[in-house]
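K.L.:
Give me a 3D structure for the following:
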Amino acid sequence: MSVMHTYARVLLPAGLISIISLASCSDPQSQAPTPPAADRVSPPGQGRESALERFPEMPSELPATRIRSVGDEAPPELTDAELVEAVTRSGGEVFIGLKPATSLRTRETGVVPGIDRATAHAGRRAIEALGAIITLTYRYTSAVAATIQPEAAPKLRRLGVVDYVEARSPGRVQAQDTSWGVKKIQAQFVWTGGGWFPPTRGEGVAITILDTGLDEMHLTSGDGPAGVGAEGCLYVLAAGGSSCFDPQTNLYNRGHGARVAGIIAARDNDLGYIGIANNVSQFESIRACNSAGWCDPAWVVAGLDWVRFMHASRPRQVVNMSIGYCQDFTPLAHAVALASDAGILLVGAAGNRVKNADYVFYCGSQTNHLPDGLYSVMFPARYGAVMAVSGTTRNDEFAFAPPDDSGGGGSPPLP
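P.N.:
Now for the predicted structure:
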């Protein structure tokens, strides 16, 4: 696979792992409404391509989950007017958390309340009665992705069965460039064991990336990531189709996911570059970002929900999220906590290009979610359960994308 880009490295007991990173910001992007709230299974894909279920079945009961440490303060709650403004900016795309009417809200306790399926379904009916159109549901959280009229947001938030209403703003991938990372991080030392530990090239490990998808030509040529199985190209329907795309017909796909896959798992076959875990046992790409590189947090939560569902069959699992958001989202924090509690190693991009003026311009009032200001780590890498990594240069300095890099799709440079 002829791709190799910005890397970061982390020393783990099992060896050295190399991951890419990115920065992001918000850009409202509306999604077409989809049908009602009842749990249903999306039609399965054929062969290598499979759509994640849009309305997966919840278990009979979901336990309470702590997502914020005791003593940690939640961001200030938006006023009704601020909430309407935020939902207007997001094109009406929101997360709505559901809870038993007698439970305290997550922002008060730092704990997502436990809930049973019947109560969650009753909550869905209640929000639909106020005009919410549910577009995605999940297995392991009662939150839903929905489209609403902005002026309905305060009324929805006041329902006893609603935990929160949060506007959704997509994060962004960014370009990187390096062809020297394998030698720089001394990956060969891990491959041979160096006499200190058993050699490994990823054997026995399952890796899932949430990104823009894979280059189909790499797969058909035999030069794709190691470990891609018959159904290795998964996608969230709203993200725009299969995770395996044809660059000849899909000219606007940034190819970011293909580069990520190459960095992590390109085969050792004398073609192009070689990946770090070039003999990984299982590899999946979930298309959770559109062709322009925008990643709706609802799609990322769907990807993490699927990873958690499949974890029983792949106990040694790593998830790479080269995605960054200017703000925290409760369902994303919940999905991260659930995956981490299950023993899944989560890796996220810290964000490379950091310019204070850009933060203010692109993130606006969301900047108050990044208390470190200029040097903030983005979400989801900012969560304690996620290993945050950042790209570096040949001289071990933080990497910055070229100033004229638009990040694809004709968008302006990102922070």
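K.L.:
if I look at Leu210, how far off is Phe197?
P.N.:
As judged by C-beta to C-beta, to the nearest Å, Leu210 and Phe197 stand 29 Å apart. C-beta coordinates here come from the backbone N, C-alpha and C atoms, glycine included.
K.L.:
Equivalent analysis for Glu108, please.
P.N.:
46 Å.
K.L.:
Mind checking which of Leu210 and Phe197 has more residues around it?
P.N.:
Applying other C-beta atoms under 10 Å to Leu210 and Phe197 shows that Leu210 carries more neighbours, namely 32 against 12.
K.L.:
Direction included, what does the helix or strand that that one is a member of pair up with?
P.N.:
Per DSSP states H and E: Leu210 is located in strand 206-211. The strands beside strand 206-211 in its sheet (DSSP bridges) come out as strand 282-287 (parallel), strand 317-321 (parallel).
K.L.:
and whichever helix or strand comes after that strand, how far out from the chain's middle?
P.N.:
For strand 206-211, the succeeding helix or strand toward the C-terminus, using DSSP H and E, is strand 214-215. Averaging C-alpha positions (C-alpha atoms, centre = their mean, to the nearest Å) puts strand 214-215 18 Å from its chain's average.
K.L.:
OK, contacts around the nearest residue to Val205 once chain neighbours are set aside?
P.N.:
Leaving aside its chain neighbours, Val205 sits nearest to Arg316 (4.9 Å; criterion: C-beta to C-beta, 6 or more residues apart in numbering). Residues in contact with Arg316 (C-beta atoms under 8 Å, 6 or more residues apart in numbering) are 204-206.
K.L.:
pLDDT at the closest residue in space to Pro170 that isn't next to it in sequence, what is it?
P.N.:
Leaving aside its sequence neighbours, Pro170 sits nearest to Trp294 (C-beta to C-beta, 6+ apart; 4.1 Å). For Trp294, the pLDDT comes out at 85.
K.L.:
Low-confidence regions, this protein specifically.
P.N.:
For the chain, residues meeting the criterion pLDDT under 70 lie at 1-49, 70-71, 174-179, 220-223, 229-231, 238-242, 245-254, 352-376, 399-415.
K.L.:
center of it, which residue is that?
P.N.:
Geometric centre of the chain, nearest residue: Val300, 3.8 Å, by C-alpha atoms, centre = their mean.
K.L.:
Show me where the stretch 151-300 of the chain has its strands.
P.N.:
Ranges of strands within the stretch 151-300 of the chain are 162-167, 171-172, 206-211, 214-215, 228-235, 244-245, 282-287, 294-295, based on DSSP state E, counting those that start in this stretch.
K.L.:
Just list what the second one packs against, helices and strands only.
P.N.:
Helices and strands touching strand 171-172, by 3 or more C-beta pairs under 8 Å, 6 or more residues apart in numbering; DSSP states H and E, are strand 294-295.
K.L.:
name the helices or strands packed onto the strand it packs on?
P.N.:
Against strand 294-295 (3+ C-beta pairs under 8 Å, 6+ apart) you get strand 171-172.
K.L.:
got the residue ranges for the helices in the protein?
P.N.:
80-89, 106-109, 117-129, 153-157, 181-184, 187-192, 216-220, 256-265, 297-310, 330-341, 356-363 (DSSP state H).
K.L.:
Mind exporting the C-alpha coordinates of the strand holding Leu210 to PDB?
P.N.:
Presented in PDB, the C-alpha positions along strand 206-211 are these (Å, rounded to 0.1, in the frame of the first residue of the first chain):
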ATOM      1  CA  ALA A 206      -8.200  -7.100  15.900                       C
ATOM      2  CA  ILE A 207      -8.000  -3.500  14.700                       C
ATOM      3  CA  THR A 208     -10.900  -1.400  13.700                       C
ATOM      4  CA  ILE A 209     -10.600   2.100  12.300                       C
ATOM      5  CA  LEU A 210     -13.400   4.700  12.100                       C
ATOM      6  CA  ASP A 211     -12.600   7.000   9.100                       C
END
